[in-house]
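J.: Prediction below, plus the sequence it came from.
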Amino acid sequence: MKLLFKIIVFVSIIIFSSCRDDFKFEPSSGSELTFSKDTVYLDTIFTNIGSSTYNLKVYNKSNKDIKIPSIRLAKGESSNFRLMVDGMAGKNFENVELLANDSLFIFVETTVDIKQQTKGKEFLYTDEILFQSGSNQQKVNLVTLVKDAIFLYPQKFQDGTYEYLNINDEKIYGFFLDENDAINGNELEWNNEKPYVIYGYAAVPPNKTLTIGEGSQIHFHRNSALLAYPNSQINASGSIENPIIFQGDRLEPSFENTEGQWDMILLGEKSKGSLKNVLIKNATIGLNINATTEAINLENIQIYNCSNYGIVGYKANILGKNIVTNNIGKAALALTNGGNYDFTHCTFANYFSRQNQTTVSIDNGNGSNEFALQAHFKNSIIYGNTGESLLLYPSKETTNFNVKFENCLIKFFNTGNRFATTFPYDFSNTTYFNNCTIAKNSIENLPYFFNTQKNEMMITDKATSIINKGNQLFSQQIPQDILGKNRLSTPDLGAYQHVSSSTD
């Protein structure tokens, strides 16, 4: 934000230095001034982290050139807000000139230390911009919500270097979480007392376990991630009412659905993990799971708005139930170089804004025993806004490429007959596709998702081809849908039991 402020200052100086200097300005009486808003609401910020830059426009509606005697912050130099007026940064400005029927911008930023304001977890910080014109004073309110947080970041050493992690012989800006940290205490126990803000790669040390409680909120700065080292473990257990949320650290509404704000959650080779009732959004890769021996358990997982992948399994072992994905740049689920995978009642959807992505992609590397693949999809949906939502890449025909889809909806238009209808796309072969519904066009077998733009991926009552079409034996493995609704007697396909299509 400081760089943006400097750019604005530079441009403003150029603009104002080129103005004429032969105007005659009269003192403002105050009646000439109007404002683009009476209150500038700055979005929520974390303590000691600078805000974005916001603007206020001041209008001179009169036919005379005026000089505003004073523009200042009510709290003066002690204010935590910063202003820029006519290309000059400060908190108090005098004799500001404004031409007839013209306007000027005032830019506003803030940084607040919540501990200087309150002992609470949140604080509404306010001030006023005062416009003094003789005896007439006008004001514009400034408001921002400040949140306390726990900050996790690499240590800086006396020689100016930073702590780093060695990952695949590469030095990565990062650090190990410490159960006896001098500032934060036990960094391997996370809860919902305060949000966590991570800078760099935060790593769970070998033979240690990170436990994340329900309602925890974890925010990542750009180029940051959570990493499980070999033989370490991540256990994240949220609830339906209070899920655990992993997201970026930009709290402005304009960043709500912006993909690629942070890197990933990475479960490294031989690590362990269990994630339940977790929302992951705005990452580069939601979950990157590498060469895990024991099954990584994923249950009631939502992954949205990732620039590359939702879930990557690399020679991994994953057991997934009630997983929902949407708006992923390359693939919602990518299973690569083999592994063992079992997915039940999952909604793998992908309605990304571009058209070169897919929903599910599966390969077995070079087809050798080392990259043998076992993948089983049950009572699930594989659907998106491209013609083929399932792409299969067996290396050596059926050798070491064992996939099976049972009671699934799969979108596969076979656009331009690009794919042969033999293995692996022989949808009539019950060895690979048993009781599956294939959406071959844009008219039949639609899932009728409630609202894909808002990531509301519930199927509606219009989706008759997939309502009550699940196998009850599979639904017994996960008797409730992702919202806690019982599905045992009439299981629909996907992670949700259907809802009404009415918007009332």
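T.: Nice, I can see it.
J.: Got the domain ranges for the protein?
T.: With domains defined by the TED database, the chain comprises 26-147, 150-477.
J.: So what's the gap between the longest one and the chain middle?
T.: On the basis of Cα atoms, centre = their mean, to the nearest Å, domain 150-477 sits 13 Å off its chain's mean C-alpha point.
J.: so how far is Thr415 from the residue sitting nearest the centre point of the chain?
T.: Centroid check for the chain by Cα atoms, centre = their mean gives Asn282 as the closest residue, at 2.2 Å. Going from Asn282 to Thr415 by Cβ to Cβ, to the nearest Å gives 30 Å. Any C-beta I mention is one placed from the backbone N, CA and C, and that applies to glycine too.
J.: okay, now Lys139: neighbour count?
T.: A count of neighbours around Lys139, defined by other Cβ atoms under 10 Å, yields 15.
J.: for the stretch 51-200 of the chain, what spans make up the helices?
T.: Per DSSP state H, counting those that start in this stretch, the stretch 51-200 of the chain carries no helices over any range.
J.: elements contacting the strand ranked longest in the chain?
T.: Ordering each strand of the chain by length in residues (DSSP state E) puts strand 309-328 first. Secondary-structure packing of strand 309-328 (3 or more Cβ pairs under 8 Å, 6 or more residues apart in numbering; DSSP states H and E): strand 285-290, strand 296-306, strand 331-344, strand 347-350.
J.: List the pairing partners of the shortest one within its sheet, with orientation.
T.: Based on DSSP bridges, the pairing partners of strand 347-350 within the sheet are strand 309-328 (parallel), strand 381-384 (parallel).
J.: could you give me the average pLDDT of the longest strand of the chain?
T.: Strand 309-328 comes out with an average pLDDT of 98.
J.: and if you look at stretch 442-452?
T.: So the average pLDDT for stretch 442-452 ends up being 96.
J.: Could you check it and say which residues are buried?
T.: Using 16 or more other Cβ atoms under 10 Å as the test for burial, stretch 442-452 gives 445-450, 452.
J.: The residue nearest to the centre of the chain touches Gln247, doesn't it?
T.: Yes - Asn282 lies in contact with Gln247 (Cβ atoms under 8 Å); the separation is 5.4 Å.
J.: what helix or strand does Leu266 sit in?
T.: Per DSSP states H and E, Leu266 falls inside strand 264-267.
J.: Just the residues contacting the next helix or strand after that strand, thanks.
T.: Note on strand 264-267: by DSSP H and E, the next helix or strand toward the C-terminus is strand 272-281. Strand 272-281 has contacts (Cβ atoms under 8 Å, 6 or more residues apart in numbering) with 214, 228, 232-240, 242-247, 257, 265, 267, 286-287, 289, 292, 294, 296-306.
J.: Filter those residues down to the buried ones, ChimeraX style.
T.: The buried subset of those, as determined by 16+ other Cβ under 10 Å, is captured in ChimeraX by this line:
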select :214,228,232,233,234,236,237,238,243,244,245,246,247,265,267,286,287,289,292,296,297,298,299,300,301,302,303,304,305,306
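J.: Go ahead and confirm Glu294 touches Ile318.
T.: No - counting by Cβ under 8 Å, Glu294 stays clear of Ile318, with 10.5 Å between them.
J.: Bridging across strands, which residues link to Tyr67?
T.: Heads up, residue 67 is Lys, not Tyr. Beta-bridge partners for Lys67, by DSSP bridges, are Pro27, Glu97.
J.: Run a quick neighbour tally on it.
T.: Around Lys67 there are 16 residues (other Cβ under 10 Å).
J.: Is it in contact with Leu33, as I believe?
T.: No - between Lys67 and Leu33 there is no contact under Cβ under 8 Å: 11.8 Å.
J.: still on that earlier bit, CA-only coordinates of the longest strand of the chain, as PDB, when you get a sec.
T.: Extracted C-alpha coordinates of strand 309-328, given in PDB (Å, rounded to 0.1, in the frame of the first residue of the first chain):
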ATOM      1  CA  TYR A 309      -6.100 -26.900  -8.700                       C
ATOM      2  CA  GLY A 310      -8.600 -27.700  -6.000                       C
ATOM      3  CA  ILE A 311      -7.100 -31.000  -4.900                       C
ATOM      4  CA  VAL A 312      -3.900 -32.600  -6.300                       C
ATOM      5  CA  GLY A 313      -3.100 -36.200  -5.400                       C
ATOM      6  CA  TYR A 314       0.500 -37.200  -6.300                       C
ATOM      7  CA  LYS A 315       1.000 -40.900  -5.700                       C
ATOM      8  CA  ALA A 316      -1.300 -40.300  -2.700                       C
ATOM      9  CA  ASN A 317      -3.700 -42.200  -0.600                       C
ATOM     10  CA  ILE A 318      -7.000 -40.200  -0.200                       C
ATOM     11  CA  LEU A 319     -10.300 -41.100   1.300                       C
ATOM     12  CA  GLY A 320     -12.800 -38.400   0.500                       C
ATOM     13  CA  LYS A 321     -16.500 -37.900   1.500                       C
ATOM     14  CA  ASN A 322     -18.800 -35.000   0.900                       C
ATOM     15  CA  ILE A 323     -16.300 -32.900  -1.000                       C
ATOM     16  CA  VAL A 324     -17.500 -29.900  -3.000                       C
ATOM     17  CA  THR A 325     -15.400 -27.900  -5.500                       C
ATOM     18  CA  ASN A 326     -16.000 -25.000  -7.900                       C
ATOM     19  CA  ASN A 327     -14.300 -22.300  -9.800                       C
ATOM     20  CA  ILE A 328     -10.800 -23.800 -10.300                       C
END
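J.: any low-confidence regions in this protein?
T.: 1-24, 29-30, 397, 503-504 (pLDDT under 70).
J.: one more time with 50, if that's ok
T.: 13-22, 504 (pLDDT under 50).
J.: where do the helices sit along the stretch 401-504 of the chain?
T.: With DSSP H, counting those that start in this stretch as the criterion, the stretch 401-504 of the chain has helices spanning 472-475.
J.: what sits against the closest residue to Glu252 other than its chain neighbours?
T.: Leaving aside its sequence neighbours, Glu252 sits nearest to Asp43 (Cβ to Cβ, 6 or more residues apart in numbering; 4.3 Å). The contact partners of Asp43, by Cβ under 8 Å, 6+ apart, come to 51-52, 144-145, 251-253.
J.: I'd guess Asp43 is in a helix, am I close?
T.: No - counting by DSSP: H, G, I helix; E, B strand; the rest coil, Asp43 falls outside a helix, being strand.
J.: Can you give me the separation between it and Asn300?
T.: Counting by Cβ to Cβ - Asp43 and Asn300 are separated by 29 Å.
J.: same thing with Asn356?
T.: 30 Å.
J.: and if you look at Leu226?
T.: 19 Å.
J.: Could you do Val140 as well?
T.: From Val140 to Asn300 the distance is 45 Å (Cβ to Cβ).
J.: Equivalent analysis for Asn337, please.
T.: Asn337 is 27 Å from Asn300, by Cβ to Cβ.
J.: again with Phe255
T.: When Phe255 is compared with Asn300 (using Cβ to Cβ), they lie 25 Å apart.
J.: same check, this time on Lys57
T.: Taking Cβ to Cβ, one finds Lys57 at 46 Å from Asn300.
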